[in-house]
Every structure is written in C-alpha cells, then in structure tokens.
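Participant: please work out how this folds:
(chains A, B, C and D)
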Amino acid sequence: MIHILLFAHLQEAIGEAELRVNLSDYTVGQIKGWMEKQYPMLSFQQMMAAVNEEFATDEMIVNDGDTLAFIPPISGG
Amino acid sequence: MIHILLFAHLQEAIGEAELRVNLSDYTVGQIKGWMEKQYPMLSFQQMMAAVNEEFATDEMIVNDGDTLAFIPPISGG
Amino acid sequence: MNMQLFEIVDKPIDIEEVKQKVVSRDAGAILLFIGTVREFTKGKKTLHLEYQAYSPMAIKMFEQISKEIEERWPDVKIAITHRVGHLDISDIAVVIAVSSPHRKVAYEANEYAIDRIKQIVPIWKKEFWEDGTEWIGDQLENVPYPVGNPPIMKGEFS
Amino acid sequence: MNMQLFEIVDKPIDIEEVKQKVVSRDAGAILLFIGTVREFTKGKKTLHLEYQAYSPMAIKMFEQISKEIEERWPDVKIAITHRVGHLDISDIAVVIAVSSPHRKVAYEANEYAIDRIKQIVPIWKKEFWEDGTEWIGDQLENVPYPVGNPPIMKGEFS
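Facilitator: This is a model prediction of the structure:
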C-alpha cells in the first residue's frame, strides 16, 4: 500500500487530497501511467513527483508505506 | 550676514553648531580660506559644502541671509 | 519567542516576528522581502487568491535553500514564512528575512532565496478572477519544467 | 496615518509604519532594507553609535533619490526613515521601503537607494569604542570625495 498526495488542480479534478493504492514496488513512472489510465483527462508524464518529501525521478521505486506526491508546476512566493 | 552650519567633528572641534559671520558676497572657496585662518587645526579645502541645503561648488557666491553648511565626509545609512 | 526559522501558516504574517529571527549583533543589514497579492497581472484583475502548500516538503525545501545560502554566504541568517489559504489584494503571501554583516550579501542572498522558492518549494496559487479561476503554473507565470525533472541542483536526489 | 515618505527621527523606527507607506494594490513585492548597528567592524568592537543629521537637507536628498528612482523605475514607491541620536548594537539606523509590481525592480531600486544615501545624504555617524571615539568618514569606511565635488549626478546644481 502506498499513499498518493494530490494538490492544486489534481486535487480538484480527482476530488481527493489523498489516495491509498496497492502499487508498492512500482516505479514513479509506472504509477504515473496507472494514474493516466484511472484519470484519462489528466496528464502526469511531465509532472514532478516527490517520494517521502524529496523530489524523485521516474525511475525511483515506491515502496510499501511510502508517500508519493505529484507536484504540479508550482507558483508560490 | 551669513549662517555657517557645522556638523560632526567640525562642530565638536569649534564648539558651535552655527556661526553668524559678515561674509556676504564671498565665494564658498573664499569662506573656506577664512575658516582655515580662524581654525588652523581644521582643513576645509576638500570639504563639500551646501548653500541653502543644496550642494555648492567653491565658485558659488554666498549672499546675505544664506546658510552655508560644511559637509564632512558622510557616514549615514 | 517563536524560533522556527521556516514556517507555513494560515494566518496573517507578522513581518516583525520574521525579522526578529535573524536579528544579530553581527548584522549590519537586514533585508525583508515581502511578497504581496497584486491586483492586476498582465491586465487581468485578480479578485483574491488561494494558496495551498505541501507543508512538510515545503519546510524541507526552505531548509535546503537555507543550506545552499549558507554554502555561498556563510555569514547570512535566513528565516522564511509563507502563508496559505485565502488572501486578498495587498495581503502578504511570503516574508523572507535575511541578515548579514554587509548589505551587498543581504540583497544577493535574499533574491537567491525568492528565486529558489519559485523553483523548488511545493506551493500553489489559485487565482480568482471575475470570469473564472485557475491554479497557476507554467500556463501563465512560470517557466515549464524540463521533461521529467525539476529545475533543481545536483545532489538533491541523494 | 503618517504619510511623510522621508523622515529623520530621534526615536526607534517602526518598520511596519515605514512599510505601510509603500503598500499598493499594484505591488507584488515590498523590499525593506533595515540598517542595524553592527558590533564588530574590521575586528574593532563598537560599544554604541551616535548619528547626527543635517535634517532639512537630508530630507531634500531623500526626495532627490526618490526622483532618480522614479526616472529609472516609474512603478516604484519608496519611503525612507533614518534615526539620529544614540543607538545601541542591533538598533535600527535606517529603513528603506520599496514597493514594485515585480520583485526584480524592488531589489534594484532598494539597493540603489542605500548606495545613494551613502553618497549624498548629510548624516554622520560617531563610533564609540573602548579606547576612544571618532566621527566616521573617509578615514574608515567611505571613499574620499573627489576634490571639491561630491560624487553626485549632473543637474543637481541647477
């Protein structure tokens, strides 16, 4: 089980701030693909991601209990 | 009659913040020379001056009622 | 006194409080950057804003920026507070306080901090206009990220 | 509200009050420069300071700096307050508040203002050390003036 955090337009489009899914041991890139199948109106391929609050590459494996956050283009400051 | 304003080390050395002297119609440069005669331990030749709160050159004439301020090297901010 | 140097808050920011965190006997200059909500952006009128943050990661990114600044300018102290939630025009979204023995470095380090915040800190702004709303990202103001990677420095993935 | 944009005061400076003078619905950034009394300068320990100003001329010079800034960066608002009298370590000597629609200009205009203050505004600082005192001028910190002329711009003598 992993936690997926959603922010900004993703949170509004999906209607949830957090998902719990059985995708342990998949890569970030594979989970992006899975998200696009679940939510075909949303695009994840070029989106930044963070695993356990650190930026992560598409190749990184998400382990059981990890938190994967999708980081849409930011606009703070 | 003109007013001469003194600041910082000049004010302390001369012991006055303001002088009133009969030097109307002299130039700033001439008044600097007069000051050096009065106060031989002080140097005025390279010092900035202001007439009526505007920076003035040595050639500027100081008229009756004007205020001439000597501006030692500044250190505000 | 509150001495958390990096904060995400949902109440108005007290600039004096942020400044106090960097006061030092060694400081000759304190520079405060205050980001405020502007009414017009490219001719379009903003009614209000909403900010959202991934707070624990945002705090980590503030700490990373602080570390980068310490490497470049060892004598600098820095504190950052960013607000989230509903903000009206002229409200303060972010305060960056930097102190330094000499002023030149305070300007450089402060500007470095806001530039980096806009690159790596997970905070999002939603604009509310008369004719709609939008979460702001590369569509309007920011440069798109290079494919698959955030514009961050080497060593961050370690 | 006190709306004198340029002030010389003999009491502690309220940074919030100076900031308020430049708040604007058009502003996306407010930059506050806060000059504070540093304990050590080139290894020498300062006990306290005394500032003196030629106040009416100093105000005129602040206005001139403001005019120069307006010519270069038309959208900037600026307010400056400088304190005189006895100041202790970490006390605030000067606050420069600049607001601008965009942040880059706020940094540039603010730094321009402090650089110009150190060139043309008649304010003097006396340092009190353990072994003596001195009015600071070109002896320690500042560049000597070119002969007979202050380092100011053409047109100022008109």
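Participant: let me see the ranges of the strands in chain A.
Facilitator: Counting by DSSP state E, chain A has strands at residues A:2-5, A:18-21, A:26-27, A:48-51, A:54-56, A:61-62, A:67-71.
Participant: turn the ones you listed into JSON lines, including distance to C:S55.
Facilitator: Every residue, glycine included, has its C-beta placed from N, CA and C. Listed next are these as JSON lines, based on distance: least, Cβ to Cβ, whole Å:
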{"stretch": "strand A:2-5", "distance to C:S55": "11"}
{"stretch": "strand A:18-21", "distance to C:S55": "14"}
{"stretch": "strand A:26-27", "distance to C:S55": "26"}
{"stretch": "strand A:48-51", "distance to C:S55": "13"}
{"stretch": "strand A:54-56", "distance to C:S55": "15"}
{"stretch": "strand A:61-62", "distance to C:S55": "21"}
{"stretch": "strand A:67-71", "distance to C:S55": "11"}
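Participant: turn those strands into a markdown table, including distance to D:I92, mean pLDDT and mean neighbour count.
Facilitator: Output for these, formatted as a markdown table (distance: least, Cβ to Cβ, whole Å; pLDDT from 0 to 100; neighbours: other Cβ atoms under 10 Å in any protein chain shown):
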| stretch | distance to D:I92 | mean pLDDT | mean neighbour count |
| --- | --- | --- | --- |
| strand A:2-5 | 42 | 98 | 20 |
| strand A:18-21 | 46 | 98 | 13 |
| strand A:26-27 | 54 | 98 | 17 |
| strand A:48-51 | 40 | 98 | 21 |
| strand A:54-56 | 39 | 97 | 19 |
| strand A:61-62 | 50 | 98 | 18 |
| strand A:67-71 | 39 | 98 | 22 |
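Participant: would TSV of those with distance to chain D be doable?
Facilitator: Formatted as TSV, the strands of chain A follow (distance: least, Cβ to the nearest Cβ, whole Å):
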stretch	distance to chain D
strand A:2-5	29
strand A:18-21	32
strand A:26-27	38
strand A:48-51	23
strand A:54-56	24
strand A:61-62	37
strand A:67-71	23
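Participant: and these: which comes nearest chain B?
Facilitator: strand A:54-56 (41.1 Å; Cβ to the nearest Cβ).
Participant: the strands in chain C, which residues?
Facilitator: Using DSSP E, strands in chain C cover C:6-9, C:29-36, C:40-41, C:44-53, C:77-83, C:85-88, C:92-100, C:123-129, C:132-136.
Participant: show me what the first one is packed against.
Facilitator: Meaning strand C:6-9. helix C:55-72, strand C:77-83 (3 or more Cβ pairs under 8 Å, 6 or more residues apart in numbering or on different chains; DSSP states H and E).
Participant: list of residues touching it?
Facilitator: By Cβ atoms under 8 Å, 6 or more residues apart in numbering or on different chains, the surrounding residues in contact with strand C:6-9 are C:53, C:55, C:58-59, C:62-63, C:66, C:79-84, C:123.
Participant: highest neighbour count among the residues you listed?
Facilitator: Among these, the one with the most neighbours (other Cβ atoms under 10 Å in any protein chain shown) is C:I80, at 28 neighbours.
Participant: ok, it - contacts?
Facilitator: Contacts of C:I80 by Cβ under 8 Å, 6+ apart are C:5-7, C:18, C:62, C:65-66, C:94-97, C:113, C:117.
Participant: can you name the residues bridging to it?
Facilitator: C:F6, C:I96 (DSSP bridges).
Participant: need the helices and strands packed on strand C:6-9 in JSON lines with mean pLDDT and distance to C:G28, can you?
Facilitator: JSON lines is the format used below for the helices and strands packed on strand C:6-9 (pLDDT from 0 to 100; distance: least, Cβ to Cβ, whole Å):
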{"stretch": "helix C:55-72", "mean pLDDT": "98", "distance to C:G28": "17"}
{"stretch": "strand C:77-83", "mean pLDDT": "98", "distance to C:G28": "12"}
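Participant: nice, that's everything, thank you.
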